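J.: Structure here, sequence nowhere to be found:
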């Protein structure tokens, strides 16, 4: 069964980007090649700081949406608790 990931990367300007993918390693490569999200394109390199694994795309996307609503401090807390 395919895995689905929700992740947080930290950009070179210390900002966070939250996303969804079904191939975490490939997605990180894309971000660092400037072929990922428009947001990370000019903020390379990015480093993985947090991820969760889900059985379904729907679950992962719901979690992505919830994480995007968090404040920066709440995201830092989430990362540090892992």
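T.: Noted; the coordinates are in hand. All values reported here derive from a predicted model rather than from experimental measurement.

J.: What's the local residue count around residue 59?
T.: Residues lying near residue 59 (other C-beta atoms under 10 Å) number 14. In this view, the C-beta of every residue, glycine as well, is placed from N, C-alpha and C.

J.: so who does it touch?
T.: Going by C-beta atoms under 8 Å, 6 or more residues apart in numbering, residue 59 touches residue 4.

J.: In three-state terms, label it for me.
T.: Taking DSSP: H, G, I helix; E, B strand; the rest coil as the rule, one finds residue 59 in the helix state.

J.: Look up how far residue 50 lies from it.
T.: The gap separating residue 59 from residue 50 is 16 Å, by C-beta to C-beta, to the nearest Å.

J.: How about residue 15?
T.: Using C-beta to C-beta, one gets 14 Å for the distance from residue 15 to residue 50.

J.: The two: who's more crowded?
T.: Using other C-beta under 10 Å as the criterion, residue 15 and residue 50 rank with residue 50 on top: 19 against 13.

J.: what's the closest non-adjacent residue to that one?
T.: Using C-beta to C-beta, 6 or more residues apart in numbering and skipping residues adjacent in sequence, the residue nearest residue 50 is residue 8, 4.2 Å away.

J.: Can you give me the pLDDT of the closest residue to residue 9 other than its chain neighbours?
T.: Leaving out its chain neighbours, the residue that sits closest to residue 9 by C-beta to C-beta, 6+ apart is residue 46, at 4.0 Å. Looking at residue 46, its pLDDT reads 98.

J.: ok, now which ones touch residue 46?
T.: By C-beta under 8 Å, 6+ apart, the neighbours of residue 46 are 9, 10, 11, 12, 17, 28, 31, 32, 36, 40.

J.: and the gap between the fifth one and residue 54?
T.: When distance is defined by C-beta to C-beta, residue 17 is 19 Å away from residue 54.

J.: which regions of the protein sit below the pLDDT cut-off?
T.: The model of the chain has no residue with pLDDT under 70.

J.: Which stretches in it count as strands?
T.: With strands called from DSSP state E, the chain shows them at 4-10, 16-21, 47-54.
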